[in-house]
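[1] I would like to see how this sequence folds:
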Amino acid sequence: MMEPLHGMIYFSPEADAAYRQLGLTGRMGYFASRAAALGPVPAEAVIATFYNFNPQVVRQAIPAAWHISSPADILDARLSAVDATLRRVLGDVVDSPEMSRAAALAQEAAQAISGELSGRPLYAAHLSLPWPTAPHLVLWHAQTLLREFRGDGHLAALLAAELSGIEALVSHAATGAVPAETLRVTRGWTETDWAAAVNRLEERGWLRNGSLTVRGRREREGIEEATDRMSRAPYAALGDDRCQELCSLVRPWSKHVVAELMPWAAARNSEAPGTPRTG
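    This is a model prediction of the structure:
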């Protein structure tokens with residue numbers, strides 16, 4: 001339910017404008033803004049941590065972005081865009097007591113796992129950043145940490161299942177949750193790349209005629225269960241009652257963000273799940 005509060009930055013016109021002002025064009029804004037917490041890393045580090053993008057697409061953006069703007073300036077631009085976007089979309093809510101309460105709960109959850117850094121590179125990198133002070137920015141940063149913590153665990157589950165980045169996308173598309181063409185194009189893969197990955201999963205018994213087999217569904221369920229299991233710690237630290245309180249607070253804000261910035265998600269799911277899962 002909190003995911004849209006982070007994911008909105010990838011659809012924010014304020015963010016796009018901020019990155020362009022720095023000189024970042026095309027996909028540079030996305031790759032550089034999300035990877036900037038790692039420092040001016042080479043393309044290979046971004047390929048490894050982002051997992052399912054075509055490496056050629058990453059190399060078109062990184063390390064060129066670091067020659068145009070510094071990671072620190074990119075992070076500042078992103079946070080300024082978060083502030084502007086949430087103030088525009090949520091209005092006076094950003095200064096409300098409810099926002100302060102939600103921010104405190106989310107920050108507690110995100111910090112509860114600060115000792116669990118092994119195998120969590122993107123979470124660890126973002127944990128090293130200073131916390132903002134405004135409650136709506138605290139909430140956004142906390143959700144960023146929680147999202148990257150889960151994402152790092154999800155990649156571990158994909159590796160354990162011996163799925164490459166594009167194979168993870170193909171299997172995800174086969175669930176019907178997100179159109180295959182959307183995943184293929186947004187991650188920069190060619191039709192030839194995609195067809196080859198489909199063939200490999202058919203040979204492994206995961207797919208038949210583009211749909212998941214019984215084995216494929218079982219394997220996908222195992223990946224999701226493993227991801228959930230590796231992501232429970234921050235919410236267990238809050239406990240059921242405070243998790244429910246946090247969800248109740250952020251639910252209307254998330255729905256509003258989705259309706260404003262991600263209408264395709266609202267049309268797909270009335271619970272406003274946010275950006276599509278990536279494998």
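
[2] need the strands for this structure, in chain order.
    Taking DSSP state E, the strands of the chain run over residues 207-208, 211-212.

[3] contacts for stretch 242-257?
    With C-beta atoms under 8 Å, 6 or more residues apart in numbering as the test, stretch 242-257 has contacts from 1-5, 8, 86, 89-90, 93, 98, 101-102, 105-106, 109, 139, 235, 238, 266, 272, 274. Quick note: C-beta positions are derived from backbone N, CA and C, even for glycine.

[4] could you redo the last one with a cut-off of 6 Å?
    Met1, Met2, Pro4, Leu5, Met8, Val89, Leu90, Glu98, Ala102, Leu105, Tyr235, Ala272 (C-beta atoms under 6 Å, 6 or more residues apart in numbering).

[5] just the buried residues of the residues you listed.
    For the contacts of stretch 242-257, a neighbour count by 16 or more other C-beta atoms under 10 Å gives the buried set as Met1, Met2, Pro4, Leu5, Met8, Val89, Leu90, Ala102, Leu105, Tyr235, Ala272.

[6] show me which pair in those residues is furthest apart.
    Val89 and Tyr235 (25.4 Å; C-beta to C-beta).

[7] just to revisit the earlier point, dump the buried ones among the contacts of stretch 242-257 into TSV; add distance to Gly39 and pLDDT as well.
    Compiled in TSV, these are given as follows (distance: C-beta to C-beta, whole Å; pLDDT from 0 to 100):
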residue	distance to Gly39	pLDDT
Met1	32	77
Met2	27	87
Pro4	28	93
Leu5	26	93
Met8	25	95
Val89	31	96
Leu90	32	97
Ala102	30	98
Leu105	30	98
Tyr235	29	97
Ala272	33	31
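
[8] what is the nearest of those to Met28?
    Among the buried ones among the contacts of stretch 242-257, and counting by C-beta to C-beta, the member closest to Met28 is Met8, at 19.3 Å.

[9] surely that closest one meets Ala259?
    No - Met8 is beyond contact range of Ala259, at 11.0 Å (criterion: C-beta atoms under 6 Å).

[10] mean pLDDT per helix and strand in the protein: which one sits at the bottom?
    Sorting the helices and strands of the chain by mean pLDDT, DSSP states H and E puts helix 263-268 at the bottom, at a mean of 54.

[11] quick one, what contacts Leu139?
    By C-beta under 6 Å, 6+ apart, the residues touching Leu139 are Ala102, Ala103, Ala106.

[12] kindly recompute the last result at 10 Å.
    Counting by C-beta atoms under 10 Å, 6 or more residues apart in numbering, Leu139 touches 2, 5-6, 82, 86, 94, 99-107, 110, 132, 246, 249-250, 253.

[13] now do Trp66
    Residues near Trp66 by C-beta under 10 Å, 6+ apart: Met28, Ala32, Ala35, Ala36, Gly39, Pro40, Val41, Pro42, Ile74.
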